[in-house]
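Student: Sharing a model that was predicted from the sequence below.
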Amino acid sequence: GESVGLHLPTLSVQEGDNSIINCAYSNSASDYFIWYKQESGKGPQFIIDIRSNMDKRQGQRVTVLLNKTVKHLSLQIAATQPGDSAVYFCAENRGSGGSNYKLTFGKGTLLTVNP
Amino acid sequence: ETGVTQSPTHLIKTRGQQVTLRCSSQSGHNTVSWYQQALGQGPQFIFQYYREEENGRGNFPPRFSGLQFPNYSSELNVNALELDDSALYLCASSSRQGYNSPLHFGNGTRLTVT
């Protein structure tokens, strides 16, 4: 069935290292993808997004890569800091024409940054 | 700029009861969506409201209903609560004009059904 999933449920890195969180999606019609960070007791916080007409987008310390050929999305965090420790979700939008903006989330990856 | 605010933050109800959760959207946002997040899972889409009407619904039964008000705030109502309704309920807002713009989430209401 249609789904957005993550390859790794947990990821542990050392402070200062780069982190890569991966995500697979199955709906080739999805045209918009978002990465969210969720800390304990809080709602998902927007990190970065990318549209399907792009294959790379950079933000502050973060880069999202989109490979539509293999339906794969990744989030790269440079110089990971303890404050980056959280659960990271990828989400895809399966809406069309703006009439039904519905995000489908994966299960999430727990990122732990060791000092 | 005021973010998405939800109330209450925590709630305990008994099976069979009804509950109403409230959400104020982010300033300038006219579309509100509700998501259910079970423990250890990603959020699941319940429904979306635009211009005070339901505009898209996920795989949730009719006992999940909602309202959107002229000031774009919203309510989620759940009737005949079941134990499996225990979850974090998230409200998110967005600007309709910014289709394919990110949803901004509140911190949710933690509902426990006993």
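Tutor: Here it is on my side, so go on. The model shown is predicted, which means the values in this text are computed figures rather than measured ones.

Student: burial count for the nearest residue to residue A:71 once chain neighbours are set aside?
Tutor: Setting aside the residues directly before and after it, residue A:71 is nearest to residue A:25 in space (CB to CB, 6 or more residues apart in numbering or on different chains), at 5.0 Å. C-beta coordinates here come from the backbone N, C-alpha and C atoms, glycine included. Around residue A:25 sit 23 other residues, with neighbours defined as other CB atoms under 10 Å in any protein chain shown.

Student: residues near the residue of chain B at minimum distance from chain A, how many?
Tutor: Across chain B, the shortest distance to chain A (CB to the nearest CB) belongs to residue B:42, at 3.2 Å. For residue B:42, the count of nearby residues is 23 (other CB under 10 Å).

Student: show me what contacts it?
Tutor: Contact analysis of residue B:42 by CB atoms under 8 Å, 6 or more residues apart in numbering or on different chains lists A:4, A:89, A:91, A:105, A:106, A:107, A:108.

Student: Would you mind giving those as a markdown table with neighbour count and distance to chain B added?
Tutor: Listed next are those as a markdown table, based on neighbours: other CB atoms under 10 Å in any protein chain shown; distance: CB to the nearest CB, whole Å:
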| residue | neighbour count | distance to chain B |
| --- | --- | --- |
| A:4 | 24 | 8 |
| A:89 | 27 | 5 |
| A:91 | 26 | 8 |
| A:105 | 23 | 3 |
| A:106 | 22 | 5 |
| A:107 | 16 | 5 |
| A:108 | 25 | 6 |
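
Student: what's the closest of those residues to residue B:72?
Tutor: residue A:91 (22.2 Å; CB to CB).

Student: Of all pairs in the contacts of residue B:42, which one is the farthest apart?
Tutor: A:91 and A:107 (11.3 Å).
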